[in-house]
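Novice: fold the following, please.
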Amino acid sequence: MAAFYQRGPNSQATQQLQKEETGRISHCAGRFNIFNPGTRWCWESPHTYTEATVIHPLPEPIRYRDAVDRVRILKLDRERYPEPNWAKLRKLMVATVDDIYASPSAQTPGTHNWRRTYIRNAGPTMLRVAYWPFKGVEGDFQRTSNERWMIAAKWIPAVIALMVVMPFPTGGRIMANEGKYDIFPYKYHGYAKEHKNIRENRVIEFEDEKSQKYTSPQLEVTSSINPSPAQERILRPTYLLYLEEGRGHHLAGGSKNPYNPNDTSTPYIFVAYSTTHFSHDSEEDKTALTQIGEYAARKAGVGAFWCALSCLPQKKKDMYRMSDIIRGAVSLVIVLKQHPGNLQEWGSRMWTFPEALLSPAHQDIYAYTMLEGEWGENGRVPRTSLEIIPKNDFPRRAWGDAMEARQLIEHFEGTQTLSRLELAVMAFRCLHRRRQKKQYFEGDLSYALMGLLRRRPQIDSTDSEFQAFARLSFANDSDCLLERLVCLLPSALAAIGSPPTMPGVRVLLLDGCWAAGIKWDGFTRIMHRRRWSWKRWLAVGLLRWSGIIFIIILLVVSAMGSYGSSLISLLLFAAMPMLAAPWLIRVAFGGKFWNTEARLFGFEGYMDIKTIESYILGFEVGRMKWGVSESRLSRHSANAYGERVGRDPTDDPAIREMVENAKNSPLGAQKIFTIVDTHTMTVNLISAVRPPVVALACGSEGGMLRAVLCSYDWGSQTLYRESVLRMETPSLDRMNRIQRVRFGFQRPSPPLPIELPKMGGMEDSVFGNMV
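Specialist: Residues are numbered from 1 along each chain as shown. Got it, this is the predicted structure:
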């Protein structure tokens with residue numbers, strides 16, 4: 001919608017948009033939804049609901065231990081969450097708009113594994129009755145004659161209804177949680193594979209006399225996250241190929257020159273190649289490679305050369321320390337075979353990238369190309385062509401991502417300095433683009449990155465790709481790179497080829513997060529405070545004392561013995577506050593909210609903001625606004641005064657289509673949910689696979705908090721990221737600290753087969769099933 005972002009207050013696009021917004025007012029059936037097919041009943045509130053269409057039978061019962069150490073054994077897998085007041089694990093019930101709840105396809109198998117209920121109006125009855133005459137009327141001024149007649153027709157019925165409603169109190173509860181967001185009673189009782197503090201690692205298990213298992217950490221055992229960066233470094237290669245006098249070479253220890261025992265630091269060149277060009281299974285390729293390496297070393301005037309073909313006896317261990325070997329070399333020599341694009345093919349391999357980056361600074365790179373079928377010097381040395389490439393020009397010649405790789409070259413050359421975060425992200429992104437012919441361990445990508453950083457964890461063959469990256473991030477101060485990835489959505493992560501997109505285990509233990517629980521089973525009345533004013537004080541006084549004034553006037557007139565027209569006039573005067581009750585209630589309960597009870601409400605689907613506000617506050621006066629940039633579905637534009645204001649996301653046709661497509665999308669596909677924040681009075685649309693039950697404030701960006709919205713996998717006690725919502729910084733003061741969290745980047749797909757709940761017979765009636 002091109003006109004969405006640039007339009008004036010009186011433009012044709014604005015007028016058309018206002019008509020569309022008027023047509024999108026939600027009409028909710030409320031309690032009439034209990035007559036929908038499939039509606040069931042339960043003792044807990046809300047009492048009516050429809051059952052999940054997906055239930056995954058567990059292979060065996062799961063033992064669940066909650067935050068207050070209660071233990072339950074559960075057999076069926078469906079969405080559950082820890083209830084904030086009692087910390088009990090409850091089946092998740094999600095309030096749903098009528099377009100989804102009452103849809104004929106609402107009970108289509110395979111769409112959701114949580115219970116659904118309809119949205120209820122939680123506003124105070126007195127306020128709803130008082131504002132009923134003004135419903136559908138925009139503003140207090142410039143009303144049309146039709147609107148005035150509509151208000152007049154509704155006024156007397158509203159006054160009569162208020163006479164019945166006002167004697168009953170609207171509830172005098174205090175702010176729950178001292179006005180803060182709902183707590184999320186969560187506690188993870190397990191271990192991580194490896195903790196930052198080695199005292200927390202699980203090392204030894206032993207049994208006491210009663211056969212009860214305990215763990216005892218061995219503080220003497222060094223963690224694989226080494227505190228000393230020198231423990232995994234080598235100062236000299238394990239082996240070198242030393243040049244014999246005249247011709248030939250000999251393999252010996254890196255610090256033991258067989259031809260000069262006093263020389264423990266023989267200079268050497270680093271011979272780089274690719275197995276695409278020189279196969280380890282071909283004796284001819286092996287001979288050619290070592291002969292060219294010997295020739296290049298003699299021409300460079302050094303006494304030895306290093307080649308992975310001969311100098312890696314313990315390949316799986318030493319290959320991850322090749323970065324130290326290239327750092328100690330005099331120069332880098334690349335050996336290629338003759339065919340078009342040979343240098344670009346060499347540069348497309350993952351393990352060759354650190355070799356070029358870490359080659360000696362301010363030294364040219366020598367590229368020897370072996371000519372096809374030509375051997376010189378009596379057939380012992382292949383004939384080659386030599387090209388000398390300046391290191392700064394090497395990215396343009398060899399790499400497809402030259403713009404980014406050149407910055408890494410300049411960083412290691414010392415001509416520009418990248419921050420720790422820029423270095424880690426940029427290097428990881430470049431390595432992620434390159435191919436790997438043979439994978440030795442799942443964490444090879446992180447182990448290749450490890451050579452570019454200062455601290456290096458020990459190689460662990462059991463690590464997944466993500467675990468290897470996590471340990472590398474823990475060991476190095478990279479400006480909390482791993483912590484930053486927690487707050488990014490998958491679309492942003494894919495842009496840097498981030499570890500969360502890797503297969504395998506992607507779970508962390510987080511500590512120190514601020515949390516706010518999300519209430520999904522419906523709106524509740526929220527408490528708020530308003531400033532004192534004479535106008536509001538008089539309105540409240542007239543409402544409270546109108547009955548007493550009426551009785552006093554009646555007694556005075558009776559005592560005076562005066563009846564007739566004077567009595568009628570006095571009685572009408574005394575009844576005027578009651579006749580003006582709808583207007584007086586608007587004055588008494590109107591005005592600005594200066595402090596509101598912080599709650600996060602959620603429901604499935606889309607509803608216009610006027611209906612949302614009236615369902616929570618009892619009436620709509622424009623207190624709630626659409627979020628400006630809190631969600632990736634948020635939309636905003638400038639008003640007539642150039643001020644930035646949030647817009648209804650469905651003004652964008654693409655989002656409107658997304659909302660329609662998500663109504664009956666299958667489980668595992670993106671669905672549309674709405675999050676209402678009563679602290680900031682903002683409403684936001686989000687897209688997620690499952691309803692998130694908690695918002696974790698894990699970071700900040702652009703002056704706003706980044707809250708990770710997580711669903712709860714109770715079987716593994718893991719909070720999985722569903723979406724990310726930006727929240728205003730003062731919201732942090734209304735949150736509560738949460739204990740250590742087991743956090744997952746992406747929730748795994750549910751297991752098959754799928755068991756559907758029984759539908760039909762008495763269970764389809766309103767009160768057919770009691771659970």
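
Novice: which helix is the longest one in the chain?
Specialist: Under DSSP state H, the helix in the chain containing the largest number of residues is helix 534-560.

Novice: give me the mean pLDDT for the helix or strand containing Leu709.
Specialist: Using DSSP states H and E, Leu709 sits within strand 704-713. The average pLDDT for strand 704-713 rounds to 93.

Novice: my read is Gly400 is in a helix, agree?
Specialist: No - read with DSSP: H, G, I helix; E, B strand; the rest coil, Gly400 is coil and lies in no helix.

Novice: how about it, what does it touch?
Specialist: 344, 347-348, 433 (CB atoms under 8 Å, 6 or more residues apart in numbering). (Glycine included, C-beta is placed from N, CA and C.)

Novice: so how far is Thr111 from it?
Specialist: 44 Å (CB to CB, to the nearest Å).

Novice: and the pLDDT at Ile325?
Specialist: At Ile325, pLDDT is 91.

Novice: before we move on, which element is it in?
Specialist: Judged by DSSP H and E, Ile325 forms part of helix 322-327.

Novice: thinking again about what came up before, ranking the contacts of Gly400 by neighbours, who comes first?
Specialist: Gly347 (23 neighbours; other CB atoms under 10 Å).

Novice: what sits closest to that residue if chain neighbours are left out?
Specialist: Nearest residue to Gly347 in three dimensions, chain neighbours excluded: Ala398, at 3.5 Å (CB to CB, 6 or more residues apart in numbering).

Novice: neighbours around Ser700, how many?
Specialist: 14.

Novice: equivalent analysis for Gln363, please.
Specialist: Gln363, neighbours per other CB under 10 Å, totals 14.

Novice: I'd like the distance between the nearest residue to it once chain neighbours are set aside and Leu408.
Specialist: Of all residues not flanking Gln363 in the chain, Ser331 sits nearest, at 5.3 Å (CB to CB, 6+ apart). Taking CB to CB as the measure, Ser331 falls 19 Å from Leu408.

Novice: then Ser723?
Specialist: 33 Å.

Novice: and what of Arg72?
Specialist: When Arg72 is compared with Leu408 (using CB to CB), they lie 53 Å apart.

Novice: which of these two has more neighbours?
Specialist: Taking other CB under 10 Å, Arg72 and Leu408 do not tie; Leu408 has more neighbours (24 against 13).

Novice: close enough to count as contact, the more buried one and Ala424?
Specialist: No - Leu408 is beyond contact range of Ala424, at 11.0 Å (criterion: CB atoms under 8 Å).

Novice: so of the contacts of Gly400, which ones are in helices?
Specialist: Those of the contacts of Gly400 lying in helices (DSSP H): 344, 347, 433.

Novice: possible to save the residues you listed as CSV with pLDDT and distance to Ile553?
Specialist: Converted to CSV, the ones in helices among the contacts of Gly400 look like this (pLDDT from 0 to 100; distance: CB to CB, whole Å):
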residue, pLDDT, distance to Ile553
Gln344, 91, 99
Gly347, 91, 98
Arg433, 88, 88
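
Novice: need these in JSON lines (columns: distance to Phe278).
Specialist: Listed next are the ones in helices among the contacts of Gly400 as JSON lines, based on distance: CB to CB, whole Å:
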{"residue": "Gln344", "distance to Phe278": "17"}
{"residue": "Gly347", "distance to Phe278": "16"}
{"residue": "Arg433", "distance to Phe278": "23"}
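
Novice: wait, which of the residues you listed is closest to Asp651?
Specialist: Arg433 (38.1 Å; CB to CB).

Novice: not counting its neighbours along the chain, what's nearest the closest one?
Specialist: Counting by CB to CB, 6+ apart, the residue nearest Arg433 is Asp401, at 6.1 Å.

Novice: list the contacts for the one you found?
Specialist: 395, 430, 433 are the contacts of Asp401 under CB under 8 Å, 6+ apart.
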